[in-house]
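Model the following, please.
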Amino acid sequence: PVPLLPARGTIYDRNMVPLATSISAEAVYAVPVEVEDPVRTAHELAPLLDVDADWLLSRLEQNVRTVWLRLKVDPETARAVRARALPGIYITERPQRFYPHGKLAANVLGFAGIDNQGLEGLEAYYENVLKGTEGMLVRERDATGRSIPDGLERRIEPTDGLDIVLTVDHVIQYIVERELERGVLESQAEMGIFVAVDPKTGDILAMATYPSFDPNHFSDYPPELWKNRAVTDQFEPGSTFKVITGSVALEVGAATLASTYVDPVRLERWGGVVNCWRAGGHGEQTFVEALENSCNPVFAVMSADEIGPARFYEYIRAFGFGGRLGIDFPGEGTGLVPRPTPNPSLQWANVGFGQG
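Residues are numbered from 1 along each chain as shown. Just a heads-up that it's a prediction; the model follows:
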């Protein structure tokens, strides 16, 4: 039997804009037992398929039912091969993956390989959903394996894969990627990550890593660019973590909304120094103002002294830090939360404002 590949399911954004589709392409294969003169056939086909004649000959001499000679053949090449009418050489349609927006959401989508199988990203994670079921073309053959002229032929059609719809909005994704690239280049950073989330639902509206790659030509890029580092890598939450610190302080009674603090600008304690990001500091401020001002010394004291490392550690783990979210994406990394120290330390002061 000659395998008939199904078309992979389409990957859509939330507005049903296709981000990954299957398009039809032709492929050349051989039935080695039907090739009458392998040497001549190899030398005639090699320039048409732009492959090495010796490599082609080794394929034609294999003891197998069928062997692929060239995938993703353009129409002009297919016509030239058909015109030669070489015994044992056939052409069939074979779907190939196409990403109509090029690099857009590449690190989220991933890519499919030469055999139409998902290798990275959502293409790999949802392989069983997207791939479909293979069909076959069955021909009546004689005892040596040659097709019988006017013999029976049966075609079992493949079943195409199912489609999936993402939470991603391709317009937001485009804006995110444009601004991320600009930000990385202007700051001369090595890389950047950008995740846009709907705070009411948790929907990922956009997720990008820069530099990225084009999944239509993924082999032209180094493998390290294929990763979705927003999911696979560890990185510090930074000042966004002050919301967690403040929530725990309110929960355990270490602070109230009316609590007041004086920003020392430069706080020397715990064997080190914590500086306010603002020259001159923020002066006297309430709990709410300290959160609005993102004042480092206030949240350092909150973490190390007022909440305490042991109690804070329990709450941080209860919030889910240090574990996996279970996002439907391959290779999700775990967070890293330091073990609590018996006494307040500079490390736990830093944890209070999202570092360390």
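
ok, which stretches of the chain are helices?
For the chain, applying DSSP state H gives helices covering 38-49, 53-60, 75-84, 106-109, 121-125, 127-130, 170-187, 229-232, 242-252, 287-293, 296-301, 309-318, 346-352.

Next, format the ones you listed as CSV and append mean pLDDT, distance to residue 193 and mean neighbour count.
Where C-beta positions appear, they are placed from N, C-alpha and C, glycine not excepted. CSV is the format used below for the helices of the chain (pLDDT from 0 to 100; distance: least, Cβ to Cβ, whole Å; neighbours: other Cβ atoms under 10 Å):
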stretch, mean pLDDT, distance to residue 193, mean neighbour count
helix 38-49, 92, 42, 17
helix 53-60, 92, 42, 16
helix 75-84, 90, 41, 14
helix 106-109, 98, 9, 25
helix 121-125, 97, 15, 22
helix 127-130, 97, 25, 18
helix 170-187, 98, 8, 16
helix 229-232, 94, 5, 18
helix 242-252, 97, 19, 18
helix 287-293, 95, 24, 17
helix 296-301, 95, 22, 27
helix 309-318, 96, 21, 17
helix 346-352, 94, 21, 24
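
Which one of the ones you listed lies nearest to residue 327?
For those, distance to residue 327 was read as Cβ to Cβ. The smallest value, 6.3 Å, belongs to helix 229-232.

any low-confidence regions in the stretch 1-150 of the chain?
For the stretch 1-150 of the chain, the stretches with pLDDT under 70 are 144-145.

Output the contacting helices and strands for the longest strand seen in the chain.
Counting residues, the longest strand found in the chain (DSSP state E) is strand 18-30. Where contact means 3 or more Cβ pairs under 8 Å, 6 or more residues apart in numbering; DSSP states H and E, strand 18-30 is packed against strand 11-12, strand 67-73, helix 75-84, strand 89-98.

strands paired with that strand, and their directions?
Under the criterion DSSP bridges, strand 18-30 sits next to strand 11-12 (antiparallel), strand 67-73 (antiparallel), strand 89-98 (antiparallel) in its sheet.

export those strands to JSON lines and tack on mean neighbour count and distance to residue 232?
As requested, the strands paired with strand 18-30 are exported to JSON lines (neighbours: other Cβ atoms under 10 Å; distance: least, Cβ to Cβ, whole Å):
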{"stretch": "strand 11-12", "mean neighbour count": "22", "distance to residue 232": "20"}
{"stretch": "strand 67-73", "mean neighbour count": "17", "distance to residue 232": "30"}
{"stretch": "strand 89-98", "mean neighbour count": "18", "distance to residue 232": "22"}
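
Compile those strands into CSV and extend it with columns for distance to residue 80.
Output for those, formatted as CSV (distance: least, Cβ to Cβ, whole Å):
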stretch, distance to residue 80
strand 11-12, 34
strand 67-73, 10
strand 89-98, 10
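
just the strands in the stretch 101-250 of the chain please.
Per DSSP state E, counting those that start in this stretch, the stretch 101-250 of the chain carries strands over the ranges 111-112, 118-120, 135-139, 153-156, 164-165, 192-197, 204-210.

Which of those sits closest to residue 174?
Nearest of those to residue 174, taken as Cβ to Cβ: strand 204-210 at 8.4 Å.

Surely residue 275 is in contact with residue 295?
No - assessed by Cβ atoms under 8 Å, residue 275 is found out of contact with residue 295, at 10.8 Å.

Of these two, give the one with the bigger neighbour count.
residue 295 (24 against 15; other Cβ atoms under 10 Å).
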